[in-house]
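J.: Structure for this input, please:
(chains A and B)
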Amino acid sequence: RKEVEQDPGPFNVPEGATVAFNCTYSNSASQSFFWYRQDCRKEPKLLMSVYSSGNEDGRFTAQLNRASQYISLLIRDSKLSDSATYLCVVTWAGTYKYIFGTGTRLKVLA
Amino acid sequence: GAGVSQSPSNKVTEKGKDVELRCDPISGHTALYWYRQSLGQGLEFLIYFQGNSAPDKSGLPSDRFSAERTGGSVSTLTIQRTQQEDSAVYLCASSLGGGGGYTFGSGTRLTVV
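T.: Have a look, this model is predicted:
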């Protein structure tokens, strides 16, 4: 089993739609969780951290479910500019080394 | 600097040659990381430096790969006797080391021909 697993997609959604991605992780001792966004041929950029209590940033909501070992990202009112690959990131306790998922590709269609 | 700077941005080299990739992290960031990303693939961890601690080299794929970080700042990733499978984008990132998010550089695209 991979350490961090994501559905590669692509998720093709119309503008204005709500879309959600999940990411599962194998190490129950995982400590920190993030979502990164990567545009084509660009470097990944931090989208948001994921806290145990869940967190929201505008149209984006991230949640953590430790019992089932997954994190989620919800995007409301999708924009064309949201088209990108979304990378799930997990760190293990005692290290700051990031373990990346292979990403979920989102295409928002006009 | 304001961001993580990597050089060169592109490098084409012949199989068997050595290459050096450079990373200049954000000033004050104690942690520095190297990853590589092959076409259509996820990010593969290579090596991690944290302050004066011994680096975590667990991700280096072979002994042809080495990295150093001088003075706690600039880092150089060296690949000796390059092979075609080394072709990838090599990404450097830095962080404050307290578990906060990484900031990535724009990467070096290495092509081995």
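J.: what secondary structure does the residue nearest the centre of chain B sit in?
T.: Ranked by distance to the mean C-alpha position of chain B (CA atoms, centre = their mean), the top residue is B:Trp34 at 3.4 Å. At B:Trp34, secondary structure determined by DSSP: H, G, I helix; E, B strand; the rest coil is strand.
J.: Tell me what it is bridged to.
T.: In this entry, B:Trp34 is beta-bridged to B:Ile47, B:Cys92, by DSSP bridges.
J.: Tell me how far the nearest residue to B:Pro55 once chain neighbours are set aside lies from B:Leu110.
T.: Among residues not flanking B:Pro55 along the chain, B:Phe49 sits closest, at 4.8 Å (CB to CB, 6 or more residues apart in numbering or on different chains). Yep, even glycine has a C-beta here, placed from its N, CA and C like the rest. Plainly put, B:Phe49 is 20 Å away from B:Leu110 if you go by CB to CB, to the nearest Å.
J.: neighbour count winner among those two?
T.: Higher neighbour count among B:Phe49 and B:Leu110: B:Phe49, with 24 against 21, using other CB atoms under 10 Å in any protein chain shown.
J.: The more buried one touches B:Ser73, doesn't it?
T.: No. If you go by CB atoms under 8 Å, B:Phe49 and B:Ser73 don't touch, sitting 10.1 Å apart.
J.: Can you list the strands that the helix or strand where A:Glu5 lies pairs with?
T.: Counting by DSSP states H and E, the element that carries A:Glu5 is strand A:4-6. Its sheet considered, strand A:4-6 pairs with strand A:19-25 (antiparallel) by DSSP bridges.
J.: I'd like the mean pLDDT over the partner strand, please.
T.: Here strand A:19-25 scores 95 as its mean pLDDT.
J.: what's the answer for stretch A:96-110, then?
T.: So the average pLDDT for stretch A:96-110 ends up being 92.
J.: what residues does chain B put near chain A?
T.: Proximity of chain B to chain A, by CB under 8 Å from any CB of the partner chain, involves residues B:31, B:33, B:35, B:41-43, B:45, B:48, B:50, B:56, B:91, B:95, B:97, B:99, B:101-107.
J.: Just the buried residues of those residues.
T.: Neighbour counting over the residues of chain B next to chain A (16 or more other CB atoms under 10 Å in any protein chain shown) leaves B:31, B:33, B:35, B:42-43, B:45, B:48, B:50, B:56, B:91, B:95, B:97, B:101-107 as the buried ones.
J.: which residues touch B:Leu91?
T.: The neighbourhood of B:Leu91, defined by CB atoms under 8 Å, 6 or more residues apart in numbering or on different chains, consists of A:Glu43, A:Pro44, B:Gln6, B:Trp34, B:Tyr35, B:Arg36, B:Gln37, B:Leu43, B:Phe104, B:Gly105, B:Gly107.
J.: go again using 6 Å as the cut-off
T.: By CB atoms under 6 Å, 6 or more residues apart in numbering or on different chains, the residues touching B:Leu91 are A:Glu43, B:Tyr35, B:Phe104, B:Gly107.
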